[in-house]
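> one predicted model, sequence on top.
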Amino acid sequence: MNAEPVTIAVHGAQSVSGLLLRPRSPMVCYVMAHGAGAGMRHASMATCAEELAQLDVATLRFQFPYMERGSKRTDPPSTCHGTVRAAVSVARDLCPAVPLLAGGRSFGGRMTSQAQALDPLPGVLGLAFLGFPLHPPGKPSVDRAAHLAEVGVPMLFLQGTRDEFASLDLMQGVVTALGPRATLHLLQEADHSFHVPARSGRNDTDVRREVLQAFRDWSATVVAGARPD
């Protein structure tokens, strides 16, 4: 299955590239933002999109403007929020009648939740984070999670227990405080990149399959909960 290139017009910035991968009968479409240091074409992003398609999940990956320019400096949050919003709008147009979810890897997931907290993303039923960056390594804090209290849709946090960007006890506390709309799925022995050491008895492929199946199962629950009785 080949991804379809798309162009996403971002208000106040250049247009950015996107890649839509849509299976024959998708149960949801996931607007999936990349992390700070690797764009939508990174092997991990591509593999996730391909394997999600096998689980009947469509994906729209997209570039933030700084990544499109080849810069290493991330855009201001307002630009990232606008890019997320534009990508969601394109996903709605390209996948009409398909339930929408949004989120992504690390930085991209956080930019998505900030956008949602400021002004709900039209049509988005839930947010899924592939490694939420709660704090910089070695600087434990929950300040980056403050905006999550303003997110009114279900949230899924897929977190490694060895994630240096999210101290386990702090992450558990954040999710508990958010109440029933937040779900934490822990990936035993995984780090921020979902890599596991050999001593764990698993490999990175095993972890990725766990991540994507957990996402698929959660997505089905969110969609079912959004259907009118």
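Yes, it's here.

> only alpha carbons, please: show the longest helix seen in the chain as CSV.
Taking DSSP state H as the criterion, the chain has its longest helix at helix 204-226. Provided in CSV are the C-alpha atoms of helix 204-226 (Å, rounded to 0.1, in the frame of the first residue of the first chain):
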residue,chain,number,x,y,z
ASP,A,204,11.6,-3.3,19.4
THR,A,205,9.2,-5.0,16.9
ASP,A,206,7.4,-6.7,19.8
VAL,A,207,7.0,-3.3,21.5
ARG,A,208,5.8,-1.6,18.4
ARG,A,209,3.1,-4.3,17.8
GLU,A,210,2.0,-3.8,21.4
VAL,A,211,1.8,0.0,20.9
LEU,A,212,-0.2,-0.3,17.7
GLN,A,213,-2.6,-2.9,19.0
ALA,A,214,-3.2,-0.9,22.2
PHE,A,215,-3.9,2.1,20.0
ARG,A,216,-6.3,0.2,17.8
ASP,A,217,-8.2,-1.2,20.8
TRP,A,218,-8.5,2.2,22.5
SER,A,219,-9.6,3.7,19.1
ALA,A,220,-12.4,1.2,18.9
THR,A,221,-13.6,2.1,22.4
VAL,A,222,-13.5,5.9,21.6
VAL,A,223,-15.4,5.5,18.4
ALA,A,224,-18.0,3.3,20.1
GLY,A,225,-18.4,5.8,22.9
ALA,A,226,-18.9,8.6,20.4
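
> mind giving me the packing neighbours of that helix?
Contacts defined by 3 or more C-beta pairs under 8 Å, 6 or more residues apart in numbering; DSSP states H and E place helix 204-226 against strand 28-33, helix 43-54, strand 57-62, strand 124-130, strand 155-160, strand 182-187. Every residue, glycine included, has its C-beta placed from N, CA and C.

> would you list these in a markdown table and tack on mean pLDDT, distance to residue 215 and mean neighbour count?
Putting the helices and strands packed on helix 204-226 into a markdown table (pLDDT from 0 to 100; distance: least, C-beta to C-beta, whole Å; neighbours: other C-beta atoms under 10 Å) gives the following:
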| stretch | mean pLDDT | distance to residue 215 | mean neighbour count |
| --- | --- | --- | --- |
| strand 28-33 | 98 | 8 | 27 |
| helix 43-54 | 95 | 7 | 17 |
| strand 57-62 | 98 | 7 | 28 |
| strand 124-130 | 98 | 6 | 25 |
| strand 155-160 | 98 | 7 | 24 |
| strand 182-187 | 98 | 9 | 18 |
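
> what's the closest of those to residue 175?
strand 182-187 (4.3 Å; C-beta to C-beta).

> give me the contacts around that closest one.
Residues from elsewhere that reach strand 182-187 (C-beta atoms under 8 Å, 6 or more residues apart in numbering): 148, 154-161, 168, 171-172, 174-175, 194, 196, 207, 210-211, 214, 218.

> before we move on, what about stretch 117-125?
28, 31, 81, 84-85, 88-89, 92, 99-102, 112, 115-116, 147-154, 222-223, 226.

> partners of the residue sitting nearest the centre point of the chain in the sheet?
Among the residues of the chain, the one closest to the centroid is residue 104, at 1.7 Å (C-alpha atoms, centre = their mean). Beta-bridge partners for residue 104, by DSSP bridges, are residue 33, residue 129.
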